[in-house]
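In: any chance you can model this:
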Amino acid sequence: MKAQVSSSAGVRGHVSPAAGSAPTRTYQPLTWIRPSTGQVLAASASALGKAWLTIIVGTAVLVGAGIVIALVLTTILGVLGLDAADSYS
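Out: All right, here's what the predicted structure looks like:
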């Protein structure tokens with residue numbers, strides 16, 4: 001069963017475009033470019049390199065933050081007169 005559409009003009013089955021709307025456009029069909037194996041490998045190597053760089057920099061930042069925290073804690077304990085080395089002897 002097909003629905004009948006009526007417009008304000010009273011013509012059955014006809015729908016007039018809204019006022020001020022652009023005419024319908026015909027677009028070209030979408031096309032995709034198939035990348036070569038070299039392009040895929042280059043993109044993968046680039047992404048892998050960025051991932052490794054992020055891991056290395058992140059690890060260095062965490063180790064550096066740990067060293068700074070240890071130095072600050074040691075300095076504070078030294079000012080308070082506590083020496084952690086005494087507990088090892």
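
In: how about low-confidence regions in the protein?
Out: 1-23, 89 (pLDDT under 70).

In: residues touching V79, list them.
Out: Taking Cβ atoms under 8 Å, 6 or more residues apart in numbering, we find V79 in contact with no residue. C-betas here are computed from N, CA, C, even on glycine.

In: next: P35.
Out: A43.

In: am I right that it falls within a helix?
Out: No: looking at P35 with DSSP: H, G, I helix; E, B strand; the rest coil, it is coil, so not inside a helix.

In: that one and L48, how far apart?
Out: Per Cβ to Cβ, to the nearest Å, P35 is found 17 Å from L48.

In: then S87?
Out: Distance of S87 to L48, given as Cβ to Cβ: 46 Å.

In: tell me which of those two has more neighbours.
Out: Between S87 and L48, counted using other Cβ atoms under 10 Å, the more crowded position is L48 (10 against 7).

In: what's the helix or strand for that one?
Out: Using DSSP states H and E, L48 sits within helix 37-79.
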